[in-house]
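Chemist: only the shape, not the letters, is given here:
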């Protein structure tokens, strides 16, 4: 660098070395729930539903996330981080930051990252426990620059019920979270392909991933291209109800 001995404005040309900007994942999803088998309190990376079946045992009738993970891959997901807890109660799902349990087991994946968090079992909790899990998950996602997809309870079937539920659970309004209504209906291979009512979080996480891969992160995961694979919405809404 030239030494300048007087005040003034100077122009100096310096060599510029460009460095390529390394790509980072934008739609890796994380799931926390109880599963049939697999390591406890450890975030395990899986790349397909076949991987999930091998490590965690596949679909389980009491595991909401097992169905969400299947929907995630069916709708275009590629990378998932799966945390197995002992049961789907609020305490186990949330876990403890110091011990890196529950959702905080995701601390163990550094320097890798997750971008989307799904805890579909939270929808089965009572209001107090639901709020506790979601509040902790929202804060964690905010800290990690990730996004939380929230599922409403299966008892919420109409637009008015959904509006009332949202007003009761005002903690749901958060810049790093979204909630989708109505819930979805999918065929259940464990029950002769009879219809199973599920939250939309896993399906939408897959749509997020598919949109990022096919169009780019600047494209919102909405519109005609964001079709839901292997699922139907559990109830129709009018244009007016959608607007509300």
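Modeler: Done, it's in. The structure presented is a predicted model; accordingly, all values stated were derived computationally and were not measured.
Chemist: tell me the secondary structure at residue 149.
Modeler: strand (DSSP: H, G, I helix; E, B strand; the rest coil).
Chemist: can you tell me how far it is from residue 71?
Modeler: Residue 149 sits 12 Å away from residue 71, going by CB to CB, to the nearest Å. Heads up, the C-betas are built off the backbone N, CA and C, glycines and all.
Chemist: repeat for residue 135
Modeler: In terms of CB to CB, residue 135 sits 25 Å off from residue 71.
Chemist: where in this structure is the helix or strand with the lowest mean pLDDT?
Modeler: helix 239-243 (a mean of 84; mean pLDDT, DSSP states H and E).
Chemist: buried by neighbour count: which residues of the longest helix along the chain qualify?
Modeler: Among the segments of the chain that qualify as a helix by DSSP state H, the longest is helix 127-144. Neighbour counts over helix 127-144 (16 or more other CB atoms under 10 Å) mark 129, 130, 131, 132, 133, 134, 136, 137, 138, 140, 141, 144 as buried.
Chemist: for the third one, give me the pLDDT.
Modeler: We have a pLDDT of 93 for residue 131.
Chemist: my guess is it meets residue 169, correct?
Modeler: Yes. At 6.2 Å, residue 131 and residue 169 qualify as touching, with contact defined as CB atoms under 8 Å.
Chemist: okay, how far is it across stretch 86-99, tip to tip?
Modeler: Taking CA to CA, to the nearest Å as the measure, stretch 86-99 stretches 15 Å from start to finish.
Chemist: and the contacts of it?
Modeler: 32-34, 40-41, 62-64, 85, 101-105, 107, 119, 121-122, 124-125, 129-130, 132-133, 136-137 (CB atoms under 8 Å, 6 or more residues apart in numbering).
Chemist: looking at those, which are in strands?
Modeler: 32, 33 (DSSP state E).
Chemist: could you give the number of residues near the residue lying closest to residue 64 once chain neighbours are set aside?
Modeler: The shortest distance from residue 64 to any non-neighbouring residue, by CB to CB, 6 or more residues apart in numbering, is to residue 120 (3.9 Å). By other CB atoms under 10 Å, 27 other residues sit near residue 120.
Chemist: make 49 the starting number, not 1.
Modeler: From this message on, residue numbering opens at 49, which makes the last subject residue 168.
Chemist: so who does residue 168 touch?
Modeler: By CB under 8 Å, 6+ apart, the contact list for residue 168 reads 79, 81, 112, 113, 115, 116, 199, 246, 247, 249, 250.
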